[in-house]
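J.: sequence and predicted structure are below.
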Amino acid sequence: MFKTTILGATVALAPLAAFAQTTLTAETTAPGSTPHYIDTTLAAVLDSAGVAQMQVTEGATLTNSVQAVAEGRLDIAPAPLILPFLLSRGIGPYSGVGEEQGAALAENLRALFFNAGSAQIFAYYNSNPVADIRDLDGLRIWNGPPRGAALTSGRAMVSLLSGAQEGVDYEGVQSQWPDAESAVTGGSVDAWTMPEGLPSGRQISISAAGGITMHDVPSDLLASELGQQIVAAPGHAPFSLPVEDVRAAYEGNDITIVTDDDTFDSFATAFAQIVNADMDEELAYDITRAYLEGERRFVESSPRGQFIMLSFGDIDGVSQGACGAVNVKMHPGAIRAYEEAGHTIADCLRP
């Protein structure tokens, strides 16, 4: 009886979080990236709220992570929204999956929340400048990991800037995200294009080896038919910030920002934080509620927090790049959390 009483007292005094937590497996991109910041912050928020402990694996190729979530082998991951689109059709990096199985797997994906804070940039070392970003023929350009959404966007950026096609007009260089920085700083490429948050720890690190120049998409190219097709393409969203905000974010680093007007304009990589449709509704609700309640932590814990366009308000679907060709639905638990917080959810996102 004495031992039971002590145990009861201990249980009564112990934080409720210790008994509420579960363990979630997660994968994210390399340190310095926007998804990495979001996922590590989410892990801290969920732990503080007593919701779950996230075991986060860094440096993942999100093509694989999305499929792992769809197959139920992984609990949570950031998904560039072009990947569910490609998976649903069994094309691109999922051509080996096939159309029928790909469509079935894509139906297993549900979103908890969204962001579109990684804008495509084009850059080069000042010691080896690109004479004209509209003429990239003959160059060696790092344009993404070996496969996946970032590679698709990187190829689109080079095509938009100059009309150059990989393997025909220029040599594309790819490596896994953990090796991207060394591939650039090693001097084996003439330029690089990457989706980056603001400020980008990766670009700051690259610039430590020598001054760099970073370009947005010139206004006439962005307004062109091809430019608008790329901005509206599955997995993309428009991105525009005052150029002075971008320069201020990189102040103190040897990074020159070049635009043709007073804004830094590009296309963003639209992301969703995805889970499997079979995730318990109460768990999805608790994760999303903790995320919404943790807004201040997401915004203020890093200089990039205010620029990553996390969905803390109403969700119309179109702004998030989630309605239309990309047919990703939100988890019912996430919808409940948003609505209880007073936000509206577009019908196109309801399962």
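T.: Cool, the structure landed.

J.: who are the packing partners of the helix or strand where L221 lies?
T.: Here L221 sits within helix 219-222, counting by DSSP states H and E. Contact partners of helix 219-222 among helices and strands, from 3 or more Cβ pairs under 8 Å, 6 or more residues apart in numbering; DSSP states H and E: helix 149-162, helix 225-231, strand 263-276. Every residue, glycine included, has its C-beta placed from N, CA and C.

J.: and that helix, how far out from the chain middle?
T.: Put simply, helix 219-222 sits 24 Å off its chain's centre (Cα atoms, centre = their mean, to the nearest Å).

J.: and the helices in the stretch 201-350 of the chain?
T.: Counting by DSSP state H, counting those that start in this stretch, the stretch 201-350 of the chain has helices at residues 201-207, 219-222, 225-231, 243-249, 281-293, 295-300, 332-340.

J.: would TSV of those helices with distance to G321 be doable?
T.: Output for the helices of the stretch 201-350 of the chain, formatted as TSV (distance: least, Cβ to Cβ, whole Å):
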stretch	distance to G321
helix 201-207	23
helix 219-222	17
helix 225-231	10
helix 243-249	22
helix 281-293	19
helix 295-300	19
helix 332-340	17
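
J.: which among those helices is found nearest to N128?
T.: For the helices of the stretch 201-350 of the chain, proximity to N128 was assessed by Cβ to Cβ; helix 201-207 is nearest, at 12.9 Å.

J.: OK, contacts around the closest residue to A149 other than its chain neighbours?
T.: Using Cβ to Cβ, 6 or more residues apart in numbering and skipping residues adjacent in sequence, the residue nearest A149 is P80, 3.5 Å away. Counting by Cβ atoms under 8 Å, 6 or more residues apart in numbering, P80 touches 62, 148-150, 235, 269-271.

J.: how about the spatially closest residue to W177 that is not a sequence neighbour, what does it touch?
T.: Spatial nearest neighbour of W177, chain neighbours left out: A30 (4.3 Å); criterion: Cβ to Cβ, 6+ apart. Neighbouring residues of A30 by Cβ under 8 Å, 6+ apart: 36, 58-59, 177-178, 180, 202.

J.: for A30, helix, strand, or coil?
T.: Judged by DSSP: H, G, I helix; E, B strand; the rest coil, the three-state class of A30 is coil.

J.: ok, now how distant is it from V56?
T.: Separation of A30 from V56 (Cβ to Cβ, to the nearest Å) stands at 12 Å.

J.: present the helices and strands packed on helix 219-222 as CSV; the columns should include mean neighbour count, mean pLDDT and distance to I76.
T.: Formatted as CSV, the helices and strands packed on helix 219-222 follow (neighbours: other Cβ atoms under 10 Å; pLDDT from 0 to 100; distance: least, Cβ to Cβ, whole Å):
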stretch, mean neighbour count, mean pLDDT, distance to I76
helix 149-162, 23, 93, 17
helix 225-231, 15, 94, 28
strand 263-276, 26, 95, 5
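
J.: I121: which of these is closest?
T.: strand 263-276 (6.8 Å).

J.: strand partners of that closest one, parallel vs antiparallel please.
T.: Strand 263-276 sits in its sheet next to strand 76-80 (antiparallel), strand 109-125 (antiparallel), strand 236-242 (antiparallel), going by DSSP bridges.

J.: report the distance from it to the chain centre.
T.: Worked out by Cα atoms, centre = their mean, strand 263-276 lies 6 Å from the chain centre.

J.: now swap in stretch 125-145 and tell me
T.: The mean C-alpha position of stretch 125-145 is separated from the chain mean by 24 Å, Cα atoms, centre = their mean.

J.: list the buried ones in it?
T.: 125, 130, 133, 136, 139, 141-145 (16 or more other Cβ atoms under 10 Å).

J.: and of those residues, the nearest to S219?
T.: Comparing those against S219 with Cβ to Cβ places I133 closest, at 13.3 Å.
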